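Enquirer: okay, predicted coordinates and the sequence, questions at the end:
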Amino acid sequence: MATTIPPLFRCPISLELMRDPVTLCTGITYERKSIEKWIADGNSTCPATMQSMPSTDLVPNLTLRSLIHSFRSSLTKDGRQEEEGCEILGAVTIRRLCSSSIGLAQELRSVRKSLIKQQQKMSPQLREDLMAAVMAVLESPSSSSEIVEEALGTILFLMPTTSSKNADDHDTLTRLARSSTAILLSRSSSTEARINAASIVEKLASADCDLKLQLGSSQPLLVALVGMLASESSTTGKGRRNSMPRAGLEAMRSLLELRRNRARLVALGAVHRVIELLPELGSRSCTELGLSVLELLCRSAEGRDSFAGHELGMFAVAKKMFRVSTLATELAVSIIWSLCKFSSSEGLMRKRAVDANTFERLLLLLHVDCSAATKQQVYELLKFLRQAYSEEPCIIAAPDQALPAAVVPIYPRF
């Protein structure tokens, strides 16, 4: 069991156990190396309090150093190994990755398994050094497809989850974006490598808005992602069903959050590909993912026009309104509502909605617990489709009845 390090023993900058604590004129204590680097970078404020420092003199905190020394001495052998094991592992790993190309795939697999156990103890510097070493392996012309596959899996673990303002980190992520694009386009890439590359694209687009714009501007990348939805192999060698289409959908969903990327993906046939994929998505999460991508695509006029060009699109969406999940129901209703209200072919869309038995499904939704926004869309859709049922007034007792006042009107999202 790991020994808990008292917060006062950690440096406010590196968050690691201090070895040489020094105190600034502001009264805050730091690790000497960390604060010296802070001052050398030209900063004139205290990192913790952001107060101006009239003096940059560093005074050794002998009392705290003595306490930390006693704390270190009290650690058991196992405790010391657990505290420093991650750093030792990282140093050894980096040397191995940089020194030889023999057995790299096995080495990368071992690295990933070991790092999963040490994740909480990994310092930012170690993560950065490991990322640089694995990136060098990934970009090496001599790396086999197996090594590339394992390197991508390791990078997925090492990638930051949030955007970084550090210029070096941004450069690394930009290089990673180029490498992932190349792997997705390469015919020699394995299925697992392409899945990992698409997952990296999804993480990059989610973490950095500039990279989202850069990735969305790459026509070859978008072509590769759309192509993943029509992959003949929906199950990888490791038995994960729908892994290839799912990875492509996740990457597309992240890119579609940027409005300008929607028209680009629509032009490449993304709408038709998602429609044709929907019946094959067996799991709840995959179905929700497919519907969310389709809903984002249909927020644009180009997406709605493309949807109208697919005769079976309305049937595919209407079939997912029930027996999947509440989220799937709300997404399906939102897609149909958008098509019937804002499509340039709204008459055709309403006719197809009637043919797909959407009217009956909407009536059932009146008795289902769903969000106020979805209820509003259901009421509006029933008004759009009631003319086809005008000969059966019993279905809607008061066709001109106003919508409930409690329901807030919904406007199209662009």
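Expert: Good, I have the coordinates.
Enquirer: look up the closest residue to the residue nearest the centre of the chain, ignoring the ones flanking it.
Expert: Centroid-nearest residue in the chain: K203, 4.2 Å away (criterion: CA atoms, centre = their mean). In space, and not counting its chain neighbours, K203 is closest to M159: 5.4 Å by CB to CB, 6 or more residues apart in numbering. Just so you know, the C-beta spots here come from the backbone N, C-alpha and C atoms, and that holds for glycine as well.
Enquirer: likewise for S371?
Expert: Excluding its sequence neighbours, the residue lying closest to S371 (CB to CB, 6+ apart) is E330, at 6.3 Å.
Enquirer: what packs against the host helix or strand of that neighbour?
Expert: Here E330, judged by DSSP states H and E, is contained in helix 326-342. When contacts are defined as 3 or more CB pairs under 8 Å, 6 or more residues apart in numbering; DSSP states H and E, helix 326-342 packs onto helix 284-297, helix 301-308, helix 313-318, helix 346-355, helix 358-365, helix 372-385.
Enquirer: what's the most buried one of these?
Expert: Among the helices and strands packed on helix 326-342, helix 313-318 has the highest mean neighbour count (mean count of other CB atoms under 10 Å), at a mean of 24.
Enquirer: how many residues are close by A263?
Expert: 14 (other CB atoms under 10 Å).
Enquirer: list the contacts for it?
Expert: S300, E302 (CB atoms under 8 Å, 6 or more residues apart in numbering).
Enquirer: can you confirm it is in a helix?
Expert: Yes: according to DSSP: H, G, I helix; E, B strand; the rest coil, A263 belongs to a helix.
Enquirer: how about the strands in this structure?
Expert: Using DSSP state E, the strands found in the chain span residues 21-23, 29-31, 59-60.
Enquirer: for the protein, give me the ranges with low pLDDT.
Expert: Residue ranges of the chain with pLDDT under 70: 1-3, 75-102, 115-122, 161-169, 231-242, 388-414.
Enquirer: and the helices and strands packed on helix 326-342 as JSON lines, adding distance to Q214?
Expert: As requested, the helices and strands packed on helix 326-342 are exported to JSON lines (distance: least, CB to CB, whole Å):
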{"stretch": "helix 284-297", "distance to Q214": "19"}
{"stretch": "helix 301-308", "distance to Q214": "22"}
{"stretch": "helix 313-318", "distance to Q214": "31"}
{"stretch": "helix 346-355", "distance to Q214": "35"}
{"stretch": "helix 358-365", "distance to Q214": "40"}
{"stretch": "helix 372-385", "distance to Q214": "33"}
